[in-house]
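In: pasting the sequence and the predicted model now:
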Amino acid sequence: MLFTSAGLLAAEDTLLDAARTRTIAPVAVAEFDWTAAAHSGPLDAGQRALAREFTTSGTLLVVGTGPAGAGKTTALALAARATEHAGGRLIELAPSATAATVFRDAVGVPAATIHSFVGAYDTHGDATPDSRQPDELKLRPGDIVVVDEAGMAGMAGTVNLAKVTRIAERHGAHVRLIGDDRQLAAVESGGALRLLEREVGSVQLEQIHRFASQNTACHGGVAVTGPPHERTPSDLRVPGAPDEAVSSQARRAG
């Protein structure tokens, strides 16, 4: 027997609507390509495709998934630089203050906990030059809010994810959820990442980088999923495909 509530169902509807809502993309494709060309360090096709979709998609909410070690931080660092080049900011929301600090140091972007971000807007209202939110959390048009570990329902919470999405939409910002949809849910109501992946699709990282031996790593690049009735065999996996082919399939996931 499954139990839910009217509030949880409304939050799920908010997220699904956002994942189907088209707006102006925060970053132009040409700006992303310029930033990616200047990127130094390893970057596989899957990481590039995720960063490209997160920045150049006009969809209000986009989902990215991948297991631990798949290079999500590297992909988000590229997304952050491309967003900054376009005049916006990437702001990360993490499940804990420790995780936010680690991400801030690794990527060089503003970071906070999900609860502190929602609490600031609940307390002070929408962001204005005179409002009392921390300056780094005052959203502007063109900003991208990335919710990390969004698959951990007990940490993020579907209701809080919906609140973040509504706040971002009011300010002309975009929301990107990233995490591992196979993580176990905890105490808060959740499952939003799996719901969104099933209903509207996601950009998936599959290649594991955090292993000393490639024999223990999962091989592949990026897997793109969409609603089951829209999937074709060519949509599922493109290991070793050229960047443009990967990006083309990634855009279809939104």
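Out: Cool, the structure landed.
In: tally of neighbours for Asp13?
Out: Other residues lying near Asp13 total 11 when counted by other Cβ atoms under 10 Å. For every residue, glycine as well, the C-beta is placed using N, CA and C.
In: nope, Val147 is what I was after
Out: The burial count for Val147: 27, using other Cβ under 10 Å.
In: quick check: closest non-adjacent residue to His174.
Out: In this structure, His174 finds its nearest non-sequential neighbour in Ile144, 5.0 Å apart by Cβ to Cβ, 6 or more residues apart in numbering.
In: ditto for Ala80
Out: The shortest distance from Ala80 to any non-neighbouring residue, by Cβ to Cβ, 6+ apart, is to Leu90 (4.0 Å).
In: phi, psi of the one you found?
Out: phi -100, psi 120 (degrees, to the nearest 10).
In: and it, bridged to which residues?
Out: Ile144 (DSSP bridges).
In: if I look at it, how far off is Pro42?
Out: Here the criterion is Cβ to Cβ, to the nearest Å. By it, Leu90 lies 20 Å from Pro42.
In: same question, Ala18
Out: Counting by Cβ to Cβ, the gap from Ala18 to Pro42 is 32 Å.
In: quick one: which of the two has more around it?
Out: Shown here are Ala18 and Pro42; by other Cβ under 10 Å, Ala18 has more neighbours (24 against 9).
In: so that one sits right up against His174, yeah?
Out: No - checked against Cβ atoms under 8 Å, the pair Ala18 and His174 is beyond contact range at 9.2 Å.
In: joint contacts of those two?
Out: With contacts defined as Cβ atoms under 8 Å, 6 or more residues apart in numbering, the residues shared by Ala18 and His174 are 60-61.
In: phi, psi for Gly58 please.
Out: Residue torsions, per degrees, to the nearest 10, at Gly58 are phi -90, psi 0.
In: so what's it closest to, chain neighbours aside?
Out: In space, Gly58 is closest to Ala25, 4.1 Å off (Cβ to Cβ, 6+ apart).
In: what comes up buried for stretch 34-52?
Out: 35-36, 39, 43-52 (16 or more other Cβ atoms under 10 Å).
In: ignore what I typed, I meant stretch 81-101.
Out: Using 16+ other Cβ under 10 Å as the test for burial, stretch 81-101 gives 81-83, 85-86, 88-95, 99-100.
In: cool, stretch 165-183 as well?
Out: 165, 167-169, 171, 173-181, 183.
In: dump that stretch to PDB, restricted to CA.
Out: Extracted in PDB, the C-alpha atoms of stretch 165-183 (Å, rounded to 0.1, in the frame of the first residue of the first chain):
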ATOM      1  CA  THR A 165      11.900  25.500  -8.700                       C
ATOM      2  CA  ARG A 166       9.200  28.100  -8.100                       C
ATOM      3  CA  ILE A 167      11.800  30.500  -6.600                       C
ATOM      4  CA  ALA A 168      14.000  30.100  -9.700                       C
ATOM      5  CA  GLU A 169      11.200  30.600 -12.100                       C
ATOM      6  CA  ARG A 170      10.100  33.800 -10.500                       C
ATOM      7  CA  HIS A 171      13.600  35.200 -10.900                       C
ATOM      8  CA  GLY A 172      14.200  34.100 -14.400                       C
ATOM      9  CA  ALA A 173      16.700  31.400 -13.400                       C
ATOM     10  CA  HIS A 174      16.900  27.700 -14.300                       C
ATOM     11  CA  VAL A 175      17.000  24.500 -12.200                       C
ATOM     12  CA  ARG A 176      19.200  21.500 -12.700                       C
ATOM     13  CA  LEU A 177      18.900  18.400 -10.600                       C
ATOM     14  CA  ILE A 178      21.800  16.000 -10.500                       C
ATOM     15  CA  GLY A 179      22.400  12.800  -8.500                       C
ATOM     16  CA  ASP A 180      22.200   9.100  -8.500                       C
ATOM     17  CA  ASP A 181      18.600   7.900  -9.100                       C
ATOM     18  CA  ARG A 182      19.600   4.500  -7.600                       C
ATOM     19  CA  GLN A 183      20.300   5.800  -4.200                       C
END
